[in-house]
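just need the structure, nothing else, for what follows:
(one chain, ligands or ions: 1)
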Amino acid sequence: MEFTTIKGFRDILPEEASYWQEIERKARGVFRTFGFGEIRTPILEYSELFTRSIGSDTDIVSKEMYTLTDSKGRGLTLRPEATASVARALIQNRLYQQGGVQKLYCIGPMFRHERPQKGRFRQFHQINAELFGDAGPKSDAEIIYLAVSLLNKFGLRDLTLHLNSIGCPACRPGFRQELKTYLADKARSLCADCQRRSETNPLRVFDCKVEGCKTIVSDAPVIVDFLCKACQGHFSELKDYLVDVGMEIILDPRLVRGLDYYTRTTFEIQTKGLGAQNAVVGGGRYDGLVRQLGGPDVPGIGFAIGMERVMTLLLEHGKQDRARPDLFVAALGKKAEMMAFRWVQQLREEHLWVEQEYASKSLKAQMKRAGRLRCKKALIVGEREIDAGAAIIRDMETKQQTEIPLGDIVPHLTSLVEREKRSDTN
Ligand code: HAM
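Residues are numbered from 1 along each chain as shown. As a prediction, the model looks like this:
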């Protein structure tokens, strides 16, 4: 039997992993400027955490969770998303007692048993941002600005911001009733799931991917027409903030998002480059979540970026520069190989990426390998160079060669490579 990954799961090999590291590095840099601290929560949680927060009528909870039972018969689930876990951690560790606003980010794998397709995996990765402790529209605007800043930092363009408000416990019941009445008339044309949902949780009919249900929903009443004064005020102030910082908004009154914990603001950042799976970011406000999980009344808002989708967009548009070794050290003859081995280790301590040949090979073979690795420069040293007291440094692109004295070779090479790096970034 040949072992392979599970369907919808995949290996990220070193070349691609280097792009992932770059994205994570950029994300951490942006988070720092917005004052977000990292939180790392477990991948496995009690199933009830997700059932209670995401909602039992959602696709995620009803169909997509990877759940197992522990020896005491308790359900454990591989996290399908991070918001519930971060809210649990906020409560369990009493982070809210620090007062003010808590700004947390986390990066890592999530698991959903969905049908795999382009941009959709069963293990996928998210960059999550969650802000707790402020209920006003300024934090919504900041969270959305943060999401856009991250995507811009990654090099993504041509994105659209879709925005909606889905009201609060004061105004949503009125809308739910209106929607229920509308759907009751059409119950026979709805899929079996939506027939049930139209009774138990009618908002979830908006998430259905069945064509017939989508058509019915396209004429359904929309929640923005039912918002209470406070929700209207919040939404309009949020739009003012976003417009003021130059953001273009697409108002999307059917954007309810597939998780039950949202209140007021919901948003997605979409792109045309991904086919059906067009959302790169999904997020929204969840003012009741912390309380619902047994904590105090702490409001929150956040989002998650789908890292596979970011990667697909960047790789398809060739926007990622592959990292290249700084130097290849080619040595000919035992004496030179010993010297070169020592230099290679010393140069690495100076933070240079240095490659060498492991077997004793001809200069031609070593240069071929340096080329294949896309090294920027090669240092060549053999008996003749040792006798002459100078090695050769070759620019692998222009093929130009110069000499470099063997004395103090490590500091010389380090400053040469650093100088070129600086002129590359200018
Ligand atoms: P979500 O919309 O379920 O929201 O997921 C957010 C993003 O994760 C999506 O826009 C997409 O880019 C990516 N994603 C979701 N499912 C998959 C999949 N199967 N394969 C690849 N990428 C996927 C949430 O998860 C919320 N927790 C976001 C949030 C945070 N809301 C408030 N705070």
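
quick check: the residue of the stretch 251-400 of the chain nearest the ligand.
Gly306 (2.1 Å; CB to the nearest ligand atom). (Each C-beta comes from the backbone N, C-alpha and C, glycine too.)

for that residue, grab phi and psi.
The phi/psi pair for Gly306 (degrees, to the nearest 10) reads phi -80, psi 110.

so it touches Val281, yeah?
Yes: contact status for Gly306 versus Val281: in contact at 7.4 Å, counting by CB atoms under 8 Å.

which one of those two is surrounded by more residues?
Neighbours of Gly306 and Val281, each counted by other CB atoms under 10 Å, are more numerous for Val281; the result is 26 against 22.

ok, what's across the strand from that one?
Ile269, Ile305 (DSSP bridges).

any idea how far it is from Ile223?
Val281 is 21 Å from Ile223, where distance means CB to CB, to the nearest Å.

check for me that Arg264 belongs to a strand.
Yes: Arg264 forms part of a strand when assessed by DSSP: H, G, I helix; E, B strand; the rest coil.

next up, the contacts around it.
With contact taken as CB atoms under 8 Å, 6 or more residues apart in numbering, Arg264 is in contact with Asp140, Ser165, Ile166, Gly167, Cys168, Cys231, His234, Phe235, Gly284, Arg285, Asp287.

of the residues you listed, which belong to helices?
Asp140, Cys231, His234, Phe235 (DSSP state H).

most neighbours of all the residues you listed, which one?
Top of these by neighbour count (other CB under 10 Å): Asp140, with 28 neighbours.

make sure that residue is actually in contact with Ser236.
No: contact status for Asp140 versus Ser236: not in contact, 11.7 Å apart, counting by CB under 8 Å.

what's the burial count for the closest residue to Val224 other than its chain neighbours?
Leaving aside its sequence neighbours, Val224 sits nearest to Pro253 (CB to CB, 6 or more residues apart in numbering; 4.9 Å). When counting by other CB under 10 Å, one arrives at 16 neighbours for Pro253.

pull out the buried positions in the helix or strand Val217 falls within.
Applying DSSP states H and E as the criterion places Val217 in helix 211-218. Across helix 211-218, burial judged by 16 or more other CB atoms under 10 Å covers Cys213, Ile216, Val217.

tell me the one of these nearest Phe50?
Cys213 (24.2 Å; CB to CB).

mind listing what the closest one touches?
Taking CB under 8 Å, 6+ apart as the test, what Cys213 contacts is Leu190, Cys191, Cys194, Val205.

before we move on, the earlier item: export the buried residues of helix 211-218 to CSV and tack on distance to Pro299?
Below are the buried residues of helix 211-218 laid out as CSV (distance: CB to CB, whole Å):
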residue, distance to Pro299
Cys213, 32
Ile216, 33
Val217, 29
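
count of neighbours near Gly37?
Gly37, neighbours per other CB under 10 Å, totals 11.

what of Glu48?
13.

so what sits opposite the residue lying closest to it once chain neighbours are set aside in the bridge?
The shortest distance from Glu48 to any non-neighbouring residue, by CB to CB, 6+ apart, is to Gly75 (7.0 Å). Beta bridges link Gly75 to Thr69 when assigned by DSSP bridges.
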